[in-house]
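K.L.:
Here's my sequence, what's the structure:
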Amino acid sequence: MNTLPQQLANGLLLGSMYGLIAIGYTMVYGIVQLINFAHGEIFMTGAFGALTVYFYILPGGTSMWAAVPLMLVGGGIVAILVAVGAERFAYRPLRQAPRLAPLITAIGLSLALQEVVRNFYPGADKARAFPSLDTTHDLGSVTIKDADIFLIVAAAVCMSALAWFVRKSRTGRAMQATAQDPDTAQLMGIDTNRIIVVAFAIGGFFAAVAAVSYGLKYGNIDYRMGFLMGLKAFTAAVLGGIGNIYGAMLGGLVLGIAETMAATYINNIPGMQQLGGQSWANVWAFCLLILVLLLRPQGLLGERVADRA
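P.N.:
Numbering: from 1, shown residues only. Presented below is the predicted three-dimensional model:
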């Protein structure tokens, strides 16, 4: 029990990262009913975009606190361009196709982005070192790093800004209208193509924020990093109620805490010593997804809605 506060903090931090990525899944699904399985690779390209800014654009000796905002801008630009390009050239031509077609396209795009980065980014065939923020701070029995502070502040700011944007801005209200009924929204004069592009762009930027946070926290990135993180974020989106932006963040936090607690404590249960530890963390995360789908398939904050015709 002495480690419980630390593990709760670790779970909240991990969940914040999942939640940032999950918002991209849930926004796109809420508007166009598409599961963008390439979103994990958009997260990955954001990390490499930020790395490019740090190693190839900024002068040597640049302070990390000056470099991080510029890395965030660089990673965000790359992730947004990839996300918007995917929407325009991969998904838009298939918008009226059977749902299986864009799903297969998303999986193919995911693999293609991995191979493009692996083959054309210098040294990307193995893990690349990423600048990290390792200074630690003790808050009672909890130890956090500067990278953790960046992550939690970034997640809070992004979530607050998104909530204001969706509720108060003209484009945000147009997004809500498009999500409810795209055909009627178009008849009312809303440019639904632009709204869909905005949704992809916001999801791409949030993925880039998560990618920079990942690199700063763990100190390395990899061209395969988007696959598992993407699956976990998709799990978080389903857990919270896919299509609900608040549910995506809540699902991320619940998943992060559950995964951390299971990895730390489940091997203390008699007869389950072999089922704990970090190697089983992914297993318990997906077991949680299966449990939620069985008991509450619409997710924690989701509502039962009829499929669009």
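
K.L.:
tell me the mean pLDDT over stretch 127-137?
P.N.:
Mean per-residue pLDDT for stretch 127-137: 92.

K.L.:
just stretch 81-98 next, same as before
P.N.:
Stretch 81-98 shows a mean pLDDT of 94.

K.L.:
Can you give me the end-to-end span of stretch 49-61?
P.N.:
The stretch stretch 49-61 measures 19 Å between its terminal residues, going by C-alpha to C-alpha, to the nearest Å.

K.L.:
What lies in contact with that stretch?
P.N.:
By C-beta atoms under 8 Å, 6 or more residues apart in numbering, the surrounding residues in contact with stretch 49-61 are 62, 67, 70-79, 128, 130-131, 208, 211-212, 215, 221. Quick note: C-beta positions are derived from backbone N, CA and C, even for glycine.

K.L.:
which of these are buried?
P.N.:
Among the contacts of stretch 49-61, those scoring as buried are 67, 71-72, 74-79, 128, 130-131, 208, 211-212, 215, 221 (criterion: 16 or more other C-beta atoms under 10 Å).

K.L.:
all helices for this protein, in order.
P.N.:
Along the chain, counting by DSSP state H, helices occupy 4-32, 39-52, 64-86, 100-120, 146-168, 170-180, 182-187, 192-218, 225-240, 245-265, 281-295.

K.L.:
Can you list the helices and strands that the last one packs against?
P.N.:
Judged by 3 or more C-beta pairs under 8 Å, 6 or more residues apart in numbering; DSSP states H and E, the packing partners of helix 281-295 are helix 225-240, helix 245-265.

K.L.:
Would you mark the buried spots in the last one?
P.N.:
Buried residues in helix 245-265, counted by 16+ other C-beta under 10 Å: 245-264.

K.L.:
Kindly report the same for the shortest one.
P.N.:
Neighbour counts over helix 225-240 (16+ other C-beta under 10 Å) mark 225-227, 229-240 as buried.

K.L.:
what's it packed up against?
P.N.:
Helix 225-240 packs on helix 4-32, helix 39-52, helix 100-120, helix 192-218, helix 245-265, helix 281-295, going by 3+ C-beta pairs under 8 Å, 6+ apart.

K.L.:
Likewise for the last one?
P.N.:
Counting by 3+ C-beta pairs under 8 Å, 6+ apart, the packing neighbours recorded for helix 245-265 are helix 4-32, helix 146-168, helix 225-240, helix 281-295.

K.L.:
quick revisit: point out the most buried one among the helices and strands packed on helix 225-240.
P.N.:
Among the helices and strands packed on helix 225-240, ranked by average contacts under mean count of other C-beta atoms under 10 Å, first place goes to helix 39-52 (a mean of 28).

K.L.:
avg pLDDT for that one?
P.N.:
97.

K.L.:
now that helix, how far from the centre of its chain.
P.N.:
11 Å (C-alpha atoms, centre = their mean, to the nearest Å).

K.L.:
Over to stretch 213-233?
P.N.:
Chain-centre distance of stretch 213-233: 10 Å, with C-alpha atoms, centre = their mean.

K.L.:
mind exporting it as PDB, just the C-alpha atoms?
P.N.:
Written as PDB, here are the backbone C-alpha positions of stretch 213-233 (Å, rounded to 0.1, in the frame of the first residue of the first chain):
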ATOM      1  CA  SER A 213       5.100  13.700 -24.200                       C
ATOM      2  CA  TYR A 214       6.000  10.100 -24.900                       C
ATOM      3  CA  GLY A 215       9.500  11.000 -26.200                       C
ATOM      4  CA  LEU A 216      10.200  13.300 -23.300                       C
ATOM      5  CA  LYS A 217       9.100  10.700 -20.700                       C
ATOM      6  CA  TYR A 218      10.800   7.600 -22.100                       C
ATOM      7  CA  GLY A 219      13.800   9.100 -23.900                       C
ATOM      8  CA  ASN A 220      13.400   7.200 -27.200                       C
ATOM      9  CA  ILE A 221      11.000   6.700 -30.100                       C
ATOM     10  CA  ASP A 222      10.600   3.900 -32.600                       C
ATOM     11  CA  TYR A 223       8.800   3.500 -36.000                       C
ATOM     12  CA  ARG A 224       6.700   0.800 -34.400                       C
ATOM     13  CA  MET A 225       5.700   2.800 -31.400                       C
ATOM     14  CA  GLY A 226       2.300   3.800 -32.900                       C
ATOM     15  CA  PHE A 227       1.000   0.300 -33.300                       C
ATOM     16  CA  LEU A 228       0.500  -0.600 -29.600                       C
ATOM     17  CA  MET A 229      -0.200   2.900 -28.500                       C
ATOM     18  CA  GLY A 230      -2.800   3.200 -31.200                       C
ATOM     19  CA  LEU A 231      -4.500   0.000 -30.100                       C
ATOM     20  CA  LYS A 232      -4.400   1.100 -26.400                       C
ATOM     21  CA  ALA A 233      -5.900   4.500 -27.400                       C
END
